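Undergrad: Sequence and predicted structure below; questions after.
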Amino acid sequence: MELIYNTSGRCKGLCSKGIGRQDHQLNTYDWLADIPGNDQESQYVEVQFKNTRKGYYRNSNGLQIEKGDIVAVEASPGHDIGVVTLTGRLVPLQMKKVNIRSEADIKRIYRKARQTDMEKYQEAKAREHKTMIEARQIALDLQLQMKIGDVEYQGDGNKAIFYYIADERVDFRQLIKVLAEAFHVRIEMKQIGARQEAGRIGGIGPCGRELCCATWMTSFVSVSTGAARIQDISLNPQKLAGQCAKLKCCLNYEVDCYVESQKRLPSREISLQTIEGEWFFFKADILANQVTYSTDKQTLANAVTISGKRAFEIIGMNKKGVKPDSLTEDGTKPGVSKPVDLLEQESLTRFDRAKKKKKKKKSKGQVKAQGNNDNEQEKPANSEKPKAKQNGNAQQSNRGNNGNGGKRKEAPNRNQNAKPNENANQAPQTEKPAN
């Protein structure tokens with residue numbers, strides 16, 4: 001679908017009414033929101049409270065409610081304050097997903113929140129953090145093996161829900177009495193798991209997206225290490241565990257696809273017989289339907305990668321007592337393509353490598369510069385010696401020429417443009433250090 005943007009910057013391909021508020025978790029995109037009369041199709045409304053707690057209520061009074069309205073809903077006892085997150089035809093479908101079928105369990109909406117309702121709501125919310133800290137200390141004094149993760153006050157302040165985590169069964173009857181006396185409210189204890197706690201807190205996963213438990217997951221299925229083995233993922237607990245310290249829920253997303261793809265690959269226990277020798281299973285690329293065999297059962301030696309179809313052909317030939325010349329059909333070893341690391345260019349150490357290279361280049365340049373400076377400093381000292389020799393040779397040659405009847409022998413003088421008077425003046429200066 002081609003997306004067209006209007007002058008306001010919004011995408012026309014998506015309905016602005018269908019997008020939920022980003023300050024609430026477990027948002028649901030209403031893809032029926034742009035249909036005329038969708039709000040009046042159903043009297044049920046989805047209302048969301050703190051974090052991931054949601055409820056479904058009946059609009060029995062026929063109020064004009066839209067997504068984002070703050071409403072007062074029925075509670076036991078009193079009333080609660082929440083935000084409308086979904087209306088229309090999509091609400092009954094969501095109720096089926098949550099397994100709400102009995103209409104007796106569905107409570108009703110009283111009214112839209114008033115100013116007095118919002119003042120009570122703000123006062124109750126301001127007490128939540130302090131209540132949680134005091135409740136943790138009370139549980140510690142009672143020596144209860146539990147962790148109170150969060151506290152949520154009802155909109156009218158008459159009730160408080162304490163969310164806790166415990167590995168074993170906890171007898172918190174004494175705790176409820178102490179909490180009721182300390183805070184003078186009705187106490188409700190609700191046990192949650194580690195994944196539900198992570199969903200309530202929220203965060204960003206290693207994939208760069210928001211946590212699945214905080215965005216769309218409502219039911220949690222157990223995850224085992226078998227899902228990692230089927231997908232050939234290394235059993236590294238630091239990488240397999242999520243923010244809840246449990247195995248990541250996304251390990252179950254592609255297990256069915258890998259199980260289906262493994263049916264097109266031979267068993268790991270079957271070895272292939274060829275004229276060259278016996279080949280053992282080493283590794284497999286499940287989705288690419290490629291199998292790598294080695295001549296050594298323990299280590300990778302003379303590796304050859306073939307397709308799963310070719311492996312089944314050789315297994316069928318071995319059952320008939322026939323051994324092919326080689327694993328490949330044409331007898332040549334195919335080149336194994338190296339895996340491409342898509343995140344290599346985004347490596348965190350790429351800046352460190354660049355700095356090291358720069359340092360090396362700078363060090364070489366500094367050495368060259370120092371060498372040039374040393375040569376420049378030595379040049380004047382070296383240049384004086386040949387001058388002295390040249391001047392001395394010139395004088396000897398002149399003397400010899402005067403005494404040999406005018407015969408002149410040309411001395412090797414590199415400074416041809418030099419004047420004789422200058423050479424004569426410089427000669428005694430250069431002879432002194434020689435003596």
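TA: Perfect, thanks for sending it.
Undergrad: If you count neighbours, what's buried in stretch 241-255?
TA: 242-244, 246-249, 251, 255 (16 or more other Cβ atoms under 10 Å). Backbone N, C-alpha and C define where each C-beta goes, glycine included.
Undergrad: what's the most distant pair in those residues?
TA: Greatest spacing in the buried residues of stretch 241-255, by Cβ to Cβ: 243 and 255 (21.3 Å).
Undergrad: Report whether residue 82 is found in a strand, as I expect.
TA: Yes - read with DSSP: H, G, I helix; E, B strand; the rest coil, residue 82 is one of the residues of a strand.
Undergrad: correct me, but it touches residue 75?
TA: No - contact criterion Cβ atoms under 8 Å: residue 82 and residue 75 do not qualify, at 9.8 Å.
Undergrad: quick one, which of those two is more surrounded?
TA: Neighbour count, other Cβ atoms under 10 Å: between residue 82 and residue 75, residue 82 has more, with 26 against 18.
Undergrad: ok so, going back, can you tell me which of the buried residues of stretch 241-255 end up in helices?
TA: residue 255 (DSSP state H).
Undergrad: Export the buried residues of stretch 241-255 as CSV, with columns for distance to residue 57 and pLDDT.
TA: Output for the buried residues of stretch 241-255, formatted as CSV (distance: Cβ to Cβ, whole Å; pLDDT from 0 to 100):
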residue, distance to residue 57, pLDDT
242, 33, 91
243, 32, 89
244, 30, 89
246, 33, 91
247, 36, 93
248, 34, 93
249, 29, 92
251, 36, 93
255, 37, 93
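Undergrad: Export the buried residues of stretch 241-255 as JSON lines, with columns for distance to residue 308.
TA: Converted to JSON lines, the buried residues of stretch 241-255 look like this (distance: Cβ to Cβ, whole Å):
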{"residue": "242", "distance to residue 308": "33"}
{"residue": "243", "distance to residue 308": "37"}
{"residue": "244", "distance to residue 308": "37"}
{"residue": "246", "distance to residue 308": "34"}
{"residue": "247", "distance to residue 308": "29"}
{"residue": "248", "distance to residue 308": "28"}
{"residue": "249", "distance to residue 308": "30"}
{"residue": "251", "distance to residue 308": "24"}
{"residue": "255", "distance to residue 308": "19"}
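Undergrad: With respect to residue 156, which of the buried residues of stretch 241-255 is nearest?
TA: Closest to residue 156, out of all of those and judged by Cβ to Cβ, is residue 244, at 32.3 Å.
Undergrad: For that closest one, grab phi and psi.
TA: phi -90, psi 0 (degrees, to the nearest 10).
Undergrad: Walking through the stretch 51-200 of the chain, point out its strands one by one.
TA: Remark: strands assigned in the stretch 51-200 of the chain by DSSP state E, counting those that start in this stretch are 54-58, 70-74, 79-87, 107-112, 147-153, 159-165, 186-191.
Undergrad: The longest one packs against which elements?
TA: Under the contact definition 3 or more Cβ pairs under 8 Å, 6 or more residues apart in numbering; DSSP states H and E, strand 79-87 sits against strand 44-48, strand 70-74, helix 115-126.
Undergrad: and it with strand 107-112, angle?
TA: Counting by axes from the mean of the first three to the mean of the last three Cα atoms, to 10 degrees, strand 79-87 lies at 100 degrees to strand 107-112.
Undergrad: Flag every buried residue along strand 79-87.
TA: Buried-residue list, strand 79-87, by 16+ other Cβ under 10 Å: 79-87.
Undergrad: Which one of those is nearest to residue 321?
TA: Looking across these and measuring by Cβ to Cβ, the closest to residue 321 is residue 86, at 67.3 Å.
Undergrad: Quickly list what the closest one is bridged to.
TA: Beta-bridge partners for residue 86, by DSSP bridges, are residue 46.
Undergrad: before we move on, the earlier item: so what sits against both of residue 82 and residue 75?
TA: Shared contacts of residue 82 and residue 75, defined by Cβ atoms under 8 Å, 6 or more residues apart in numbering, comprise residue 155.
Undergrad: picking that back up, including distance to residue 159, could the helices and strands packed on strand 79-87 go into JSON lines?
TA: Shown next, in JSON lines, are those (distance: least, Cβ to Cβ, whole Å):
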{"stretch": "strand 44-48", "distance to residue 159": "16"}
{"stretch": "strand 70-74", "distance to residue 159": "13"}
{"stretch": "helix 115-126", "distance to residue 159": "9"}
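Undergrad: Quick one: closest of the ones you listed to residue 293.
TA: Nearest to residue 293 among these is strand 44-48; the distance by Cβ to Cβ comes to 55.4 Å.
Undergrad: Go through that closest one and flag the buried ones.
TA: Neighbour-count burial for strand 44-48 flags 44-48 (criterion: 16+ other Cβ under 10 Å).
Undergrad: thinking residue 77 is in contact with residue 186, fair?
TA: Yes - the pair residue 77 and residue 186 passes the contact test of Cβ under 8 Å, sitting 7.3 Å apart.
Undergrad: count of neighbours near the residue nearest to residue 191 when sequence neighbours are not counted?
TA: Of all residues not flanking residue 191 in the chain, residue 164 sits nearest, at 6.0 Å (Cβ to Cβ, 6 or more residues apart in numbering). When neighbours are defined as other Cβ under 10 Å, residue 164 has 22 of them.
Undergrad: Next up, the contacts around residue 164.
TA: 146-149, 170, 172, 189-192.
Undergrad: Can I get stretch 113-130 in CSV, CA atoms only?
TA: C-alpha atoms of stretch 113-130 as CSV (Å, rounded to 0.1, in the frame of the first residue of the first chain):
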residue,chain,number,x,y,z
ALA,A,113,-14.6,11.9,34.9
ARG,A,114,-15.4,15.2,36.7
GLN,A,115,-13.0,17.7,38.3
THR,A,116,-13.7,16.2,41.8
ASP,A,117,-13.0,12.7,40.5
MET,A,118,-9.7,13.8,39.0
GLU,A,119,-8.6,15.4,42.3
LYS,A,120,-9.3,12.2,44.3
TYR,A,121,-7.5,10.2,41.6
GLN,A,122,-4.4,12.4,41.7
GLU,A,123,-4.3,12.2,45.6
ALA,A,124,-4.5,8.4,45.4
LYS,A,125,-1.8,8.1,42.8
ALA,A,126,0.6,10.3,44.8
ARG,A,127,0.5,7.8,47.7
GLU,A,128,1.4,4.7,45.6
HIS,A,129,5.2,4.9,45.8
LYS,A,130,5.3,5.6,49.5
